[in-house]
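S.K.: pasting the sequence and the predicted model now:
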There are 2 protein chains.
Amino acid sequence: MALIVQKFGGSSVKDAERVMNVAKIVTDTYSNGNDVIVVVSAQGDTTDNLISKAMEINQKPSTREMDMLLSAGEQISIALLSMAIEKLGFPVISLLGWQAGFTTNSVYSAARIKFIKPDRLRSEIGKKNIVIVAGFQGVNKYDDITTLGRGGSDTSAVAIAAALRADRCQIFTDVEGVFTADPRKIPGARKLQEITYDEMLELSTLGAQVLNNRSVETAKKYGVEIEVLSSYNRIPGTIVKEVTSMEKMLVRGVTKDTDVARITIMDVPDVPGIAFKIFSRLATRKINVDIILQSVGRGGKKDIAFTINKSAKNAAMEALGNSFSELQNTKIECDTNVAKVSVVGAGMESHPGTASKMFEALYEIDVNIQMISTSEIKISVLIDINDADRAVAAIHRAFLPEE
Amino acid sequence: MALIVQKFGGSSVKDAERVMNVAKIVTDTYSNGNDVIVVVSAQGDTTDNLISKAMEINQKPSTREMDMLLSAGEQISIALLSMAIEKLGFPVISLLGWQAGFTTNSVYSAARIKFIKPDRLRSEIGKKNIVIVAGFQGVNKYDDITTLGRGGSDTSAVAIAAALRADRCQIFTDVEGVFTADPRKIPGARKLQEITYDEMLELSTLGAQVLNNRSVETAKKYGVEIEVLSSYNRIPGTIVKEVTSMEKMLVRGVTKDTDVARITIMDVPDVPGIAFKIFSRLATRKINVDIILQSVGRGGKKDIAFTINKSAKNAAMEALGNSFSELQNTKIECDTNVAKVSVVGAGMESHPGTASKMFEALYEIDVNIQMISTSEIKISVLIDINDADRAVAAIHRAFLPEE
């Protein structure tokens, strides 16, 4: 007998039929002798519908009232899923975020979980109830409702698994697990049996929209074993855990991120402190900088280029535009026709051949590399956005040939 | 400066435009220097939509989960109304039932308010916030959400007014106040300026769907002055309070109730205890009996007739059908083609002419009276349902002629 936390997203409970499907998965797990806590998101379009109701009335509502509004979505889905489980004849109880003991900070719409008071969860499990918990929401010290922001339900599930030392946290999605590349686009893409937290973090940062980053960080911190699997069929998914068994594969996946912009500042005076001035200006505006490239100084001048998220483009240009004296004779350009393509895999740093193999694959299909960035477990290149899909396919072929 | 509680029903907040209208009423009241607490119901069809979502999944969900589901409706409307008030530039905060301190018993779907812990409400009023409270809902001692049942939002509003000793509790509806009869049907019907709690209770029991009975009872108990008025225009409504000023009118209104069935048991043995046996059987099934009529015994037999709510018809017939020995040779009939028409007005008992005036009005239009029931402040007659509208018009003409 184990304690299993299961999380189902909005598409998994979008209508009565899908809700009954989830009820079946949950009660099967319970019938196999497990204690089960289920975390659910709002049904399909509920959140979008609520947002448009709000926008009709007020384009800039306070985040507190937005959280009050949106948290009603999960309230509806937990009640409906509980009713479905009642219908199947199993003991069940639904709990809102505050009832399940989720205490967060007070950053409405992007709150962080401070702790979970697990008393109520424990007591319901003790009564042999299947417990259905509203994901994405908690309560702050003022007794006001907060939401965790995008992907928050994943974090809710992992946090419960951590607080109650669950044996496993299953995240049900509409894909069968974590793949070496997007299976809809790369024919040889295949499902991984296991992956480490760090690899998962790199993969999800890089655009594999399977698991929310914060949930993986939380899982890593508390050693929660996650399984990513599909709610559409009953086959094993991908396990995310600290140390995975040895597999032949060195490279775990190839990803592409087109939500990126490159800013280049040309002819920057080659004096101390200039990089600090530029990047502190971006930092105070909370703009995350990813790859940074600085040319070797030449004739008292150098070029600095960096990538940011596309959505931060205007803010970044503004921050630099009406800026400090050193930038007055420079030329600042922003290019959004770029994509970041990466290979991810633990142990990469001890295999010097990885980078050259990647570059060779790109060379063979005549793709020009604009920037390069490496870490212990990934190598990323910035290329023209029109080359991105071809590049992913070529790199995937090179590292993960079809078996 | 006064503390005013305002309650708006579902049709008053059914869409963005109506929500903005309510926001205007509320902020005008606030701008006039008043503290304002607003109680809102769920938007228009929300409750019905949620119920049909539930029915798709489970025809007989537990009442606990039903309360979890339905209370999301008010959560949505308080957030939207708060956003509308933010839009108008006023300080506002929304509170759920449990946040506003509503503690109820544990009868899910029909909970009774035990007390209100007014700390949070007081503190928000102290900060000069307009406070928007979710009606219809509370929390029980297990920290589970409960709902107050039909018309519960009126009760929520009155309970807040009582707990905070508000100067007035305004119930906004889609009619302009309490009328002497249904103004859509009776040309001479007119709005009352004032009415007592008892009169209001009789009127609402009798089918004038203006105020929920429990809210009037609570208002009477705590001496809360209620004003019933329209959210569509800005004219004074009807004040409900303990002692009203002397008005010429003795009769406050004429009402009709067609949601009634009459059960007649003929040839009942005229022995002691028979009435007790019949009505205790109905009582154990929680069937409310209204008018009771027993004929004078004759030849060791008598007839017993009584009225009940139409919806209890089958339960009542069942309760009596396979019943005790004394009823075995009787004939039991149920007639649903009946209507109860009543005149209501305090001080009626000291005016013996009232009853005869009513009967005369019915005689003149040739309406047969099947049963009669009188109390201190009303006289009701049971007549054929097809005569009901004519009867109300004739009685209204007799007591409240057009001026």
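M.R.: Sure thing, it's come through.

S.K.: CA only for contacts and neighbour counts going forward, please
M.R.: OK.

S.K.: get me the contact residues on chain A for chain B.
M.R.: For chain A, the contact set with chain B under Cα under 8 Å from any Cα of the partner chain comprises A:16, A:20, A:53-54, A:56-58, A:60-62, A:65-66, A:68-70, A:72-73, A:75-76, A:79-80, A:82-84, A:86-87, A:93-94, A:99, A:143-144.

S.K.: how about the helices in the stretch 301-403 of chain A?
M.R.: Counting by DSSP state H, counting those that start in this stretch, the stretch 301-403 of chain A has helices at residues A:313-321, A:353-364, A:388-399.

S.K.: dihedrals phi and psi, A:K220?
M.R.: Note on A:K220: backbone dihedrals following degrees, to the nearest 10 are phi -60, psi -50.

S.K.: am I right that it is in contact with A:V243?
M.R.: No: A:K220 lies out of contact with A:V243 (Cα atoms under 8 Å); the separation is 10.8 Å.

S.K.: counting neighbours, what do you get for the residue lying closest to A:T173 once chain neighbours are set aside?
M.R.: Take A:T173 and drop its neighbours on the chain: the residue closest to it by Cα to Cα, 6 or more residues apart in numbering or on different chains is A:S230, 5.0 Å away. By other Cα atoms under 10 Å in any protein chain shown, 21 other residues sit near A:S230.

S.K.: circling back to that earlier point, ok, A:K220 and A:V243, which is more surrounded?
M.R.: Neighbours of A:K220 and A:V243, each counted by other Cα under 10 Å, are more numerous for A:K220; the result is 21 against 10.

S.K.: pull the contacting residues for the nearest residue to that one once chain neighbours are set aside.
M.R.: Nearest residue to A:K220 in three dimensions, chain neighbours excluded: A:Y197, at 5.9 Å (Cα to Cα, 6+ apart). Contact analysis of A:Y197 by Cα atoms under 8 Å, 6 or more residues apart in numbering or on different chains lists A:V216, A:E217, A:A219, A:K220, A:V240, A:K241, A:E242.

S.K.: that's a helix at the first one, yeah?
M.R.: Yes: counting by DSSP: H, G, I helix; E, B strand; the rest coil, one finds A:V216 located in a helix.

S.K.: thought A:E199 was touching it, still the case?
M.R.: No: with contact defined as Cα under 8 Å, A:V216 and A:E199 do not form a contacting pair (10.1 Å).

S.K.: which one of these two has more residues nearby?
M.R.: With neighbours defined as other Cα under 10 Å, A:V216 and A:E199 compare such that A:V216 has more, 26 against 21.

S.K.: got a list of what the residue nearest to A:T173 touches?
M.R.: With Cα under 8 Å, 6+ apart, A:S230 has these contacts: A:F172, A:T173, A:D174, A:V175, A:E176, A:G177, A:G237.

S.K.: and A:E333, by the same measure?
M.R.: Contacts for A:E333 were tallied using Cα under 8 Å, 6+ apart; they are A:I263, A:T264, A:I265.

S.K.: where does the stretch 201-350 of chain A get nearest to chain B, which residue?
M.R.: Residue nearest to chain B within the stretch 201-350 of chain A (Cα to the nearest Cα): A:S231, separated by 18.4 Å.

S.K.: returning to that earlier point: please work out which of the helices of the stretch 301-403 of chain A is packed deepest.
M.R.: helix A:388-399 (a mean of 21; mean count of other Cα atoms under 10 Å in any protein chain shown).

S.K.: returning to that earlier point: give me the PyMOL select line for the residues of chain A next to chain B, limited to the buried ones.
M.R.: Those of those that count as buried under 16 or more other Cα atoms under 10 Å in any protein chain shown are selected in PyMOL with:
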select buried, chain A and resi 16+20+53+54+57+58+61+62+65+66+68+69+70+72+73+75+76+79+80+82+83+84+86+87+93+94+99+144
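
S.K.: sort out for me which of the residues of chain A next to chain B are in helices.
M.R.: A:16, A:20, A:53-54, A:56-57, A:65-66, A:68-70, A:72-73, A:75-76, A:79-80, A:82-84, A:86-87 (DSSP state H).

S.K.: before we move on, back to that, could you dump the contacts of A:Y197 into JSON lines with distance to B:T155 and pLDDT added?
M.R.: Output for these, formatted as JSON lines (distance: Cα to Cα, whole Å; pLDDT from 0 to 100):
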{"residue": "A:V216", "distance to B:T155": "47", "pLDDT": "90"}
{"residue": "A:E217", "distance to B:T155": "47", "pLDDT": "89"}
{"residue": "A:A219", "distance to B:T155": "46", "pLDDT": "93"}
{"residue": "A:K220", "distance to B:T155": "50", "pLDDT": "92"}
{"residue": "A:V240", "distance to B:T155": "52", "pLDDT": "93"}
{"residue": "A:K241", "distance to B:T155": "53", "pLDDT": "90"}
{"residue": "A:E242", "distance to B:T155": "55", "pLDDT": "85"}
